[in-house]
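K.L.:
Take this sequence and fold it.
(4 chains)
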Number of protein chains: 2
Amino acid sequence: MNRKIAARCLAELGNLTRLDIYRLLVRAGPCGLSITDIQTRLDVPASTLAFHLRGLVGSGLVTQEKIGRTVICRAQYERMDGVVAFLREHCCEGFETDLAASTTRRAS
Amino acid sequence: MNRKIAARCLAELGNLTRLDIYRLLVRAGPCGLSITDIQTRLDVPASTLAFHLRGLVGSGLVTQEKIGRTVICRAQYERMDGVVAFLREHCCEGFETDLAASTTRRAS
DNA sequence: GCTCTATTTCGAATATTCTAGAAATATGGT
DNA sequence: ACCATATTTCTAGAATATTCGAAATAGAGC
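P.N.:
Numbers count the residues shown, from 1 in each chain, chains lettered A, B, ... in the order given. Model prediction:
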């Protein structure tokens, strides 16, 4: 995980339509849902849906498997876990040297 | 937590500059960092920083406390926790009825 | 090979976000 | 009152994202 991938994933989920799609897939679990299923449940035009799915897949948050002419989409939990871990990384660790130089000093 | 707030938070963190700011604050912990500290560490113009901080504060991911003329910023961990919980909500729960009607059926 | 269904690409209009200089405001110290 | 520092607002140009109809592609079944 790195800054760019994390930002990309977060930005993808930062759109209401994509968030709805993603949550639908999280709920669906390992079986996933076909694109048509998603379309039916969320009532989004096919081209709009394709646009958003491209983003989710491109960020690694969703994977797709083509079976015949239908595409099954699944939430890739590991990706999201990685992003969350990245956000919590170094929590409360503070910084090296500059406690003395920092404007932040208050208890000195 | 609801869709809109979650999407807002995720979108805020979906920008590289804001992600850097947020991670810096997570790392800084409860003491937080002044805006000048953030500016120094990330090398972002003051007006740009103000723009991004407004977003982070507006979404509830960051709080601010004014002490004299300096503003201390802190990561609001609870907010992020709420967003993460929301993303995982109903995981693998599936859907009501339509197992039979769904295009998704495969093992029938 | 035709036809129906599933999905993607194209294209263009619209909307939103990002950037950063310049000016304004706020506050502390002298 | 004045000056230096901290931060915000204003503004506007540039860059990106979103929407969705129409047309294109891909595969299944007859």
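K.L.:
do stretch A:58-76 and chain B meet at all?
P.N.:
Yes: against chain B, stretch A:58-76 shows contacts by Cβ under 8 Å from any Cβ of the partner chain at A:67, A:70, A:72. No exception for glycine: its C-beta is placed from N, CA and C like everyone else's.
K.L.:
Which residue ranges of chain A form strands?
P.N.:
For chain A, the strands defined by DSSP state E cover A:33-34, A:62-67, A:70-75.
K.L.:
Just say which of these is most tucked in.
P.N.:
Stretch with highest mean neighbour count among the strands of chain A: strand A:33-34 (a mean of 22; mean count of other Cβ atoms under 10 Å in any protein chain shown).
K.L.:
Mind giving me the packing neighbours of that one?
P.N.:
Counting contacts by 3 or more Cβ pairs under 8 Å, 6 or more residues apart in numbering or on different chains; DSSP states H and E, strand A:33-34 packs against strand A:70-75.
K.L.:
So the strand it packs on, near DNA strand C or not?
P.N.:
Yes: using Cβ under 7 Å from any atom of the strand, a contact is recorded between strand A:70-75 and DNA strand C, made by A:70-71.
K.L.:
if we look at that strand, which residues are touching it?
P.N.:
Applying Cβ atoms under 8 Å, 6 or more residues apart in numbering or on different chains, the external contacts of strand A:70-75 come out as A:21-22, A:25-26, A:28, A:30-36, A:38, A:53, A:56-57, A:61-66, B:103-104.
K.L.:
Is it possible to mark the buried ones in those residues?
P.N.:
Listed as buried from the contacts of strand A:70-75 are A:21-22, A:25-26, A:28, A:32-35, A:38, A:53, A:56-57, A:61-62, B:104; burial here means 16 or more other Cβ atoms under 10 Å in any protein chain shown.
K.L.:
Now do the contacts for the residue lying closest to A:Cys92 once chain neighbours are set aside.
P.N.:
Among residues not flanking A:Cys92 along the chain, B:Gly29 sits closest, at 3.2 Å (Cβ to Cβ, 6 or more residues apart in numbering or on different chains). Contacts for B:Gly29 (Cβ under 8 Å, 6+ apart) come out as A:91-94.
K.L.:
Tell me which two of these sit farthest apart.
P.N.:
Within these, A:Cys91 and A:Gly94 form the most distant pair, 10.1 Å apart (Cβ to Cβ).
K.L.:
what's around the residue of chain A found nearest DNA strand D, how many residues?
P.N.:
With Cβ to the nearest atom of the strand as the measure, A:Ser47 is the residue of chain A nearest to DNA strand D, at 3.1 Å. A:Ser47 has 7 neighbouring residues, counting by other Cβ atoms under 10 Å in any protein chain shown.
K.L.:
that older thread, in CSV, list the residues of stretch A:58-76 next to chain B along with pLDDT and distance to A:Phe86.
P.N.:
Formatted as CSV, the residues of stretch A:58-76 next to chain B follow (pLDDT from 0 to 100; distance: Cβ to Cβ, whole Å):
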residue, pLDDT, distance to A:Phe86
A:Ile67, 96, 33
A:Thr70, 96, 33
A:Ile72, 98, 28
